[in-house]
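Visitor: got a sequence here, can you build the structure:
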Amino acid sequence: MVHRTLAVTRKETIHILRDPRTLAVIFLIPIVQLVLLGYAATTDIEHLRTGVLDADGSAQSRALVEAYRASGTFAIVAHVESEAELARLVDDGSARAGMLIPAGFGRDLAAGRTAQVGFVIDGSDPAVANAVLAASQQVGQAVSVQLALRALGGQRPALPAIEVRPRVWYNPALKSANFMIPGLMGIVLQFLATMLTALAIVRERELGTLEQLIVTPVRPLELVLGKVLPYVVVALFVLLEVLIVGVLWFGVPVHGSLPLLLGLSTLFLATSLGMGLLVSTIARTQQEAMLLTWFLLLPSIFLSGFFFPIEAMPAALRAISYVIPLRYLLTIMRGIILKGVGMDVLWPQVAALAVFGVVVVLAAASRFRRHLD
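Guide: So this is what the prediction gives:
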């Protein structure tokens, strides 16, 4: 019995060693998980992009802005002249928070009165919003304490103070479902389109029917389109399914255009389908195709802002995130669903997705054509 068991074990070991690519993916996936979780899995927000509307322009208001900058939590990226400009910065994601210092701020402090400061916070990511909410008030309280100590040193009867009044936009209740469900829609689109496309073509190769299709009058482009179009329909149907459940069951509001959401999701599918084609030219078996699909999906999950805020990641991972197509789709989905914005705001993300789609599809088609030849 032992001899027969060892013989089967030896046979299976040889079979595994004869497939070095699958073995490499199996060993690489845990390393990728460790690196991504070790560096990307953090909610410590630093250098958050912040816009400032300083309607006072006094020495006191400039000192307050510098106090927020010096805290390390906020990075002042723009000074604007109107609330409309500030709102646009938050709408298009150029700023995740906005500080509004009203006229008369310095005068109120000089007179020993409480001066109010407004803070607008992008609530589309509850983790970031909660951190900003707490930090905005902490910095305001710290500056108030410093002002009070100076006033006491000067024996002033009235102690100046700063009252920070934060407002959370887009997701005032900071519901995690409002953040997660649009992200889940993007994950579902990428995973289904990539995996189903790769498996469909690899399955044909395993069964020996791909060669039969090649010798028919069907051209390579027609073959590819015929294989992937059903999965485009399936992916869009699942997208609608997740959206309907999110709206009816979890109460996620949809503030933007549903046709625009579906149209831009279809644009993203081009990239995912191209990735599926690339996987199909590498994988020999369906098991290998599934492993490669997961290997491609892991960086997308952790570096796109699906789970963890990109602002909290190290600079190297933030740079890598720019070549993750899912990052742009999540910005689009959360922008349309939660913020209600349109193409006038989302065009940079749309342009990035279009470039990714063209590059990936052309590369996949070229490699697939050579593979058929």
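Visitor: where in the protein is pLDDT low?
Guide: Applying pLDDT under 70 to the predicted model, the residue ranges of the chain that meet it are 1-9, 11-13, 15-30, 32-43, 151-160, 209-216, 218-223, 369-373.
Visitor: quick one, strands of it?
Guide: Chain-ordered strands for the chain, with DSSP state E as the definition, fall at 48-54, 74-79, 97-101, 114-122, 161-169.
Visitor: can I get these in a markdown table including distance to Gly357 and mean neighbour count?
Guide: (Each C-beta comes from the backbone N, C-alpha and C, glycine too.) What follows is these, written out as a markdown table (distance: least, C-beta to C-beta, whole Å; neighbours: other C-beta atoms under 10 Å):
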| stretch | distance to Gly357 | mean neighbour count |
| --- | --- | --- |
| strand 48-54 | 27 | 23 |
| strand 74-79 | 29 | 17 |
| strand 97-101 | 32 | 24 |
| strand 114-122 | 27 | 22 |
| strand 161-169 | 31 | 17 |
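Visitor: tell me which of those sits nearest to Met180.
Guide: Comparison of the strands of the chain against Met180 by C-beta to C-beta identifies strand 114-122 as nearest, at 15.9 Å.
Visitor: which residues sit against the closest one?
Guide: Strand 114-122 is touched from outside by 60, 64, 86-87, 90, 93, 95-102, 104-106, 108-109, 128-129, 132-133, 136, 140, 160-170, with contacts defined as C-beta atoms under 8 Å, 6 or more residues apart in numbering.
Visitor: outline the domain layout of this structure.
Guide: The record assigns the chain these domain ranges, following automatic domain parsing: 48-169, 175-372.
Visitor: looking at these, which is closest to Ile14?
Guide: Closest to Ile14 of the domains of the chain is domain 175-372 (C-beta to C-beta; 16.2 Å).
Visitor: rewinding a little: wait, which of the domains of the chain is closest to Arg10?
Guide: domain 175-372 (20.9 Å).
Visitor: my read: Thr331 touches Gly93, true?
Guide: Yes. Because the distance of 6.0 Å satisfies C-beta atoms under 8 Å, Thr331 is recorded as touching Gly93.
Visitor: between the two, tell me which one has more neighbours.
Guide: In this comparison of Thr331 against Gly93, neighbours counted by other C-beta atoms under 10 Å, the higher total goes to Thr331 at 25 against 19.
Visitor: gap between the more buried one and Arg88?
Guide: Counting by C-beta to C-beta, to the nearest Å, the gap between Thr331 and Arg88 amounts to 15 Å.
Visitor: Ile301 too?
Guide: Between Ile301 and Arg88 the computed distance is 30 Å (C-beta to C-beta).
Visitor: those two: which has the busier surroundings?
Guide: Summary of the neighbour comparison: Ile301 and Arg88, criterion other C-beta under 10 Å, with Ile301 having more neighbours (21 against 17).
Visitor: quick one: contacts for the nearest residue to Glu83 once chain neighbours are set aside?
Guide: Taking C-beta to C-beta, 6 or more residues apart in numbering as the measure, Glu83 lies nearest to Leu53, with 6.4 Å between them; neighbours along the chain are not counted. If you count contacts by C-beta under 8 Å, 6+ apart, Leu53 has them with 79-83, 85-86, 98-101.
Visitor: so what's Phe368 up against?
Guide: Phe368 makes contact with 220, 224, 277, 280-281, according to C-beta under 8 Å, 6+ apart.
Visitor: highest neighbour count among these?
Guide: Within the contacts of Phe368, Ser280 tops the neighbour count with 27 neighbours, counted by other C-beta under 10 Å.
Visitor: that one against Ile201, yeah?
Guide: Yes. With contact taken as C-beta under 8 Å, Ser280 and Ile201 are classed as touching, separated by 3.9 Å.
Visitor: so what's Gly118 bridging to?
Guide: As for beta bridges, Gly118 partners with Leu100, Arg165 under DSSP bridges.
Visitor: mind checking how far it is from Ile320?
Guide: Noted for Gly118: a distance of 35 Å to Ile320, by C-beta to C-beta.
Visitor: cool, Val145 as well?
Guide: With distances defined as C-beta to C-beta, the gap from Val145 to Ile320 amounts to 41 Å.
Visitor: ok, the two, which is more surrounded?
Guide: Applying other C-beta under 10 Å to Val145 and Ile320 shows that Ile320 carries more neighbours, namely 15 against 12.
Visitor: please report the distance of the closest residue to the more buried one other than its chain neighbours from Pro325.
Guide: Taking C-beta to C-beta, 6+ apart as the measure, Ile320 lies nearest to Leu303, with 6.0 Å between them; neighbours along the chain are not counted. Going from Leu303 to Pro325 by C-beta to C-beta gives 11 Å.
Visitor: what's the overlap in contacts for the two?
Guide: Going by C-beta under 8 Å, 6+ apart, no residue sits against Leu303 while also sitting against Pro325.
Visitor: so how far is stretch 49-56 from its chain's centroid?
Guide: Between the mean C-alpha point of stretch 49-56 and the mean C-alpha point of its chain there is a distance of 26 Å (C-alpha atoms, centre = their mean, to the nearest Å).
Visitor: alright, that wraps it up for me.
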